[in-house]
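Asks: structure, please.
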Amino acid sequence: MRKNYFLKTVFVAFAMFTCSFSSYALTAGDIAVIGVNTDATKTLTFVALADIPANTVVSFTDNAWNATTSAWRTGEGTIQWTNTSVTTAGTVVTLTIDASPYPATAGSVTTNSNFNLSASGDQVLVYEGTTAPATNGDAAWLFAFSTESFAWGNNTNTSDYPTALSSAYVAMASSTTEWDDAYLTNTTVSGTKEEILAIVTNTDNYTKSNTILSIPSYSFTVSATSSIANAKEKKEVVVSASNGEIVISSKGGETVQVYNILGKLVKSAILPEGVSTITASIGQLYVVKVGSTTQKVLVK
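Replies: Okay, here's the model as predicted:
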């Protein structure tokens, strides 16, 4: 009897550990905020970088987080978004936050407790579930977005980001000089979750304004392997930018045309098979055309 009791105890403890270990369906960076309008009409846009199981609850709050004390500054609001079927990786969702309940282009907002982004500076902290994280390293944390820098100021316009999101956050400024509205400039994005996170967490890849912006339509393709590797295998065209160069992967034999923001053709060449690079001006936006592929890139 003692042996059986011991085995039962071990089984129950293991079951509790397993349940606790697997209580979250998502991990940091599985959702990324890619656009906000704090001027009316107020909107919040996010993309799924992993499949979101049906009936998952994701919370968005503009309450501030103090990373030094691991504590919330309350008094602002939280909304909870959920889905009734699987939301596939690459799905982009926009919430309109001037109405209650907030309309959603996919899924629905089930709870709204005074969530209202400020045009004087604000943050969106994202976590899974209905219970707010209590520590910097909580597994529930998903993403953080700021219209200014991330810096605790103990007011409604500022916040830290939790250390769990060291690779899953983006700030629109490096100071408290904020932008009211911003969206990811790249409208066609492909690659692994990590590759896409590198794009969406780069402040330079955002269009920013202090007047209302029209959020564009997006096409996200989230893959298990590198987009460059996929392009070589499938003979597709992939355009990106880094280190002062436009990077193009193609099947070869196609003409690339690069236009500046004024519409002037600045480069035209026949591409070889594989990866090609074109030197460009850092901080400039270009339109790259290769065959039927047209893509805007911001060189950084």
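
Asks: where does pLDDT dip in the stretch 1-150 of the chain?
Replies: Along the stretch 1-150 of the chain, the parts satisfying pLDDT under 70 run over 1-22.

Asks: and the helices in it?
Replies: Taking DSSP state H, counting those that start in this stretch, the helices of the stretch 1-150 of the chain run over residues 2-21.

Asks: so where do the strands sit in it?
Replies: Counting by DSSP state E, counting those that start in this stretch, the stretch 1-150 of the chain has strands at residues 31-37, 43-48, 57-61, 64-66, 71-73, 78-82, 92-96, 108-113, 123-128, 141-146.

Asks: what sits up against the first one?
Replies: In this case it means strand 31-37. In this structure, residues lying in contact with strand 31-37 by CB atoms under 8 Å, 6 or more residues apart in numbering are 42-49, 52, 58, 92, 94, 117, 124, 126, 142-143, 145, 147, 168, 170, 180-184, 196-197, 200-201, 212-213, 215, 218. From N, CA and C alone the C-beta is placed, and that goes for glycine too.

Asks: can you tell me the strand partners of it and which way each runs?
Replies: strand 43-48 (antiparallel), strand 181-184 (antiparallel) (DSSP bridges).

Asks: tabulate these (JSON lines), appending distance to A241 and mean neighbour count.
Replies: Formatted as JSON lines, the strands paired with strand 31-37 follow (distance: least, CB to CB, whole Å; neighbours: other CB atoms under 10 Å):
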{"stretch": "strand 43-48", "distance to A241": "19", "mean neighbour count": "24"}
{"stretch": "strand 181-184", "distance to A241": "14", "mean neighbour count": "24"}
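
Asks: including distance to I282, could those go into TSV?
Replies: Output for those, formatted as TSV (distance: least, CB to CB, whole Å):
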stretch	distance to I282
strand 43-48	26
strand 181-184	19
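
Asks: tell me which element the closest residue to V297 other than its chain neighbours is part of?
Replies: Leaving aside its sequence neighbours, V297 sits nearest to A241 (CB to CB, 6 or more residues apart in numbering; 4.4 Å). A241 belongs to strand 238-242 when elements are defined using DSSP states H and E.

Asks: could you export the next helix or strand after that strand as PDB, CA atoms only?
Replies: Heading C-terminal from strand 238-242, the first helix or strand you meet, by DSSP H and E, is strand 245-250. The C-alpha trace of strand 245-250 is given here as PDB (Å, rounded to 0.1, in the frame of the first residue of the first chain):
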ATOM      1  CA  GLU A 245      22.500  47.400 -48.800                       C
ATOM      2  CA  ILE A 246      19.400  46.200 -50.600                       C
ATOM      3  CA  VAL A 247      19.500  42.400 -50.500                       C
ATOM      4  CA  ILE A 248      17.700  40.400 -53.200                       C
ATOM      5  CA  SER A 249      17.500  36.600 -53.600                       C
ATOM      6  CA  SER A 250      16.100  35.400 -56.900                       C
END
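
Asks: in its sheet, which strands sit next to the strand or helix carrying K267, and in what direction?
Replies: Under the criterion of DSSP H and E, K267 resides in strand 265-270. Its sheet considered, strand 265-270 pairs with strand 255-259 (antiparallel) by DSSP bridges.
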